[in-house]
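Engineer: When you get a sec, could you give me coordinates for this:
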Amino acid sequence: MNANIFYEEVTFTRFKDEVTNTTYYISKIPKYDSDGELIKLKRGFSSNDYNKKELETPRSFAARNAATLVANCSTYSTNTMRVVGTSIYNGAIQQELSKQAYNYILAIGEDNRLKAYPPNTSAQRILDDGFKDALTAFIPLIENGQSVSDVILDSRDVFWHRHPRQAIAQDAYGNTYFFTSEGRRSAEKGMTARDVVRVLLSMSMDFAFMLDGGGSAQTVFHCSTINRVPDDDGKTERSMLDFLYVGKDRPEHSVREALSPIGDIFKLKSDEAAEWEYHSNNHVRLAPYLINGWEDYGTSGSSVTRAWHMPNNTLYLVGTIKGGEPNKPFMKLPPHMQPMFSLHFLVPGNSSGEIYKIIVSSNGELQMYYWSNEAKGDAGYVKLDGIFIPVWPPKE
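Structural biologist: Alright, predicted model coming up:
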């Protein structure tokens with residue numbers, strides 16, 4: 001296997017933005033390789049054919065073309081199966097369609113020079129300026145080392161909100177960068193357009209342009225995705241029509257056959273990690289594990305017992321129970337929720353001052369004991385909110 005099929009000069013680095021508490025990645029593409037040759041920024045299409053109207057994930061595109069780095073780029077319509085707005089490829093105008101005020105054009109020069117054009121710019125004007133490739137996405141963020149105007153940054157409400165972001169940038173030396181942020185996760189909501197500007201200006205970028213983001217934000221390095229894709233709680237890679245990438249255009253079957261499975265393994269491990277993070281639907285009902293006459297207090301909301309999967313192999317319990325025998329265990333957790341050790345909690349009952357003690361045993365049993373004088377007698381109901389249980393991680 002020829003490892004030199006990839007540009008060793010291309011790198012990526014992981015950062016954490018303290019303002020938004022969001023992880024982001026900076027992929028750097030030097031203008032020149034170690035031999036002084038231009039590392040050309042290129043545009044590619046799903047199935048390597050603009051006219052096929054077939055979708056493909058960035059990881060699949062990377063594996064087929066043995067690309068060093070691949071990023072999503074254009075916005076596109078799933079109805080027409082076409083990219084939005086203006087598209088120029090290798091000096092030919094592929095299409096020139098109407099655009100929204102927030103759909104600017106990104107032109108790419110033969111020397112990798114990047115320039116943003118307003119939506120109403122003609123394709124011929126871009127060609128006349130010497131650019132042979134152009135695509136349509138969102139808005140410029142930085143021009144001439146300064147943030148663009150508020151009018152541009154506020155041209156669409158989605159730019160004000162926190163989402164996963166994808167942007168391309170360049171410094172004054174002609175080096176190219178991709179900015180890829182996490183988002184749409186409980187602990188990492190994402191970034192606004194202004195957040196991206198702030199971060200990239202702190203890196204002294206001379207130019208930056210916002211590509212398609214949200215569920216489309218994905219960067220692939222050596223056939224493996226470096227960020228957590230947002231769709232389906234991080235488990236579904238979005239297919240798209242076109243990509244920006246760098247590669248030596250010397251795909252070898254041995255390399256693709258070796259690296260594509262590695263990318264699949266990383267994807268599988270990412271999916272496993274997603275199972276143990278908080279999501280709106282990442283919970284299990286606990287009613288099947290209630291014993292000795294105990295049952296859910298009701299049928300919806302906080303009256304139903306649930307366990308939420310949280311980071312670090314932790315279960316967080318919520319809900320309300322009623323009707324069982326106080327001196328016997330009220331729940332027996334299944335083996336895949338086995339507590340790592342015993343824990344004690346105090347929880348409220350149904351009247352003022354009524355407190356119960358809950359003991360979580362390492363064998364998976366949960367039992368309630370009277371704690372306050374007000375808790376003596378039959379319990380009308382008992383709240384389980386706030387009980388957290390470190391559990392053994394899933395077996396490999």
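
Engineer: And the helices in the stretch 51-200 of the chain, which stretches?
Structural biologist: Listed in chain order, the helices of the stretch 51-200 of the chain (DSSP state H, counting those that start in this stretch) span 58-65, 123-128, 150-153, 193-202.

Engineer: hey, least reliable of the ones you listed by pLDDT?
Structural biologist: Among the helices of the stretch 51-200 of the chain, helix 58-65 carries the lowest mean pLDDT, at a mean of 92.

Engineer: Can you name the element that comes right after the worst-scoring helix or strand of the chain on mean pLDDT?
Structural biologist: Here the helix or strand of the chain ranked lowest by mean pLDDT, DSSP states H and E is helix 253-274, holding a mean of 53. Beyond helix 253-274 on the C-terminal side, the first helix or strand identified by DSSP states H and E is strand 283-285.

Engineer: contact partners of that next one?
Structural biologist: Contacting residues not belonging to strand 283-285 are listed as 304-309 [Cβ atoms under 8 Å, 6 or more residues apart in numbering]. Where C-beta positions appear, they are placed from N, C-alpha and C, glycine not excepted.

Engineer: can you redo the residues you listed as TSV with distance to residue 244?
Structural biologist: Formatted as TSV, those follow (distance: Cβ to Cβ, whole Å):
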residue	distance to residue 244
304	47
305	48
306	43
307	43
308	38
309	36
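
Engineer: Among those, the buried ones, what's the PyMOL command?
Structural biologist: Buried residues within those, by 16 or more other Cβ atoms under 10 Å, are selected in PyMOL with:
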select buried, resi 304+305+306+307+308+309
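
Engineer: Now for the contacts of strand 283-285: which two are most distant?
Structural biologist: 304 and 309 (16.5 Å; Cβ to Cβ).

Engineer: For residue 317, pull up the helix or strand it's in.
Structural biologist: Assigned by DSSP H and E, residue 317 belongs to strand 314-318.

Engineer: in its sheet, what does the very next helix or strand once past that strand sit against?
Structural biologist: Counting by DSSP H and E, the element after strand 314-318 in chain order, helix or strand, is strand 320-322. Under the criterion DSSP bridges, strand 320-322 sits next to strand 295-296 (antiparallel), strand 382-383 (antiparallel) in its sheet.

Engineer: any idea how far residue 216 is from the nearest residue to residue 22 once chain neighbours are set aside?
Structural biologist: Once flanking residues are discounted, residue 22 sits nearest to residue 188: 4.7 Å by Cβ to Cβ, 6 or more residues apart in numbering. To residue 216, residue 188 is 17 Å away according to Cβ to Cβ, to the nearest Å.

Engineer: One more: residue 54?
Structural biologist: In terms of Cβ to Cβ, residue 54 sits 16 Å off from residue 216.

Engineer: which residues of the stretch 101-250 of the chain fall in strands?
Structural biologist: 105-108, 114-117, 133-136, 140-143, 146-147, 166-170, 176-181, 207-210, 219-221, 224-225, 242-246 (DSSP state E, counting those that start in this stretch).

Engineer: Which strands and helices lie in contact with the longest one?
Structural biologist: In other words, strand 176-181. Using 3 or more Cβ pairs under 8 Å, 6 or more residues apart in numbering; DSSP states H and E, the elements in contact with strand 176-181 are strand 22-29, strand 69-72, strand 166-170, helix 193-202.

Engineer: Any idea how many residues pack against residue 21?
Structural biologist: When neighbours are counted by other Cβ atoms under 10 Å, residue 21 registers 11.

Engineer: cool, and residue 353?
Structural biologist: 10.

Engineer: my guess is it contacts residue 372, does it?
Structural biologist: Yes - using Cβ atoms under 8 Å, residue 353 is in contact with residue 372, at 5.8 Å.

Engineer: For the helices and strands packed on strand 176-181, give me a markdown table that also has mean neighbour count and distance to residue 95.
Structural biologist: Below are the helices and strands packed on strand 176-181 laid out as a markdown table (neighbours: other Cβ atoms under 10 Å; distance: least, Cβ to Cβ, whole Å):
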| stretch | mean neighbour count | distance to residue 95 |
| --- | --- | --- |
| strand 22-29 | 21 | 27 |
| strand 69-72 | 28 | 19 |
| strand 166-170 | 25 | 21 |
| helix 193-202 | 19 | 26 |
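
Engineer: Same list (the ones you listed) but as TSV, adding distance to residue 182.
Structural biologist: Listed next are these as TSV, based on distance: least, Cβ to Cβ, whole Å:
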stretch	distance to residue 182
strand 22-29	5
strand 69-72	15
strand 166-170	11
helix 193-202	12
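
Engineer: of all these, which lies closest to residue 5?
Structural biologist: strand 69-72 (12.8 Å).

Engineer: what about the closest one, distance to the chain center?
Structural biologist: 14 Å (Cα atoms, centre = their mean, to the nearest Å).

Engineer: and if you look at stretch 153-166?
Structural biologist: On Cα atoms, centre = their mean, the centre of stretch 153-166 falls 15 Å from the chain's centre.

Engineer: Equivalent analysis for stretch 157-177, please.
Structural biologist: With Cα atoms, centre = their mean, you get 15 Å for stretch 157-177.

Engineer: With stretch 82-95 instead?
Structural biologist: With Cα atoms, centre = their mean, you get 28 Å for stretch 82-95.

Engineer: Could you pull out the buried residues of it?
Structural biologist: Buried-residue list, stretch 82-95, by 16+ other Cβ under 10 Å: 82-89, 94.

Engineer: for stretch 175-186, same thing?
Structural biologist: 175-185.

Engineer: Adding pLDDT and distance to residue 240 as columns, could you present those in a markdown table?
Structural biologist: A markdown table is the format used below for the buried residues of stretch 175-186 (pLDDT from 0 to 100; distance: Cβ to Cβ, whole Å):
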| residue | pLDDT | distance to residue 240 |
| --- | --- | --- |
| 175 | 98 | 25 |
| 176 | 98 | 20 |
| 177 | 98 | 21 |
| 178 | 98 | 15 |
| 179 | 98 | 18 |
| 180 | 97 | 14 |
| 181 | 97 | 18 |
| 182 | 93 | 19 |
| 183 | 91 | 17 |
| 184 | 86 | 17 |
| 185 | 77 | 21 |
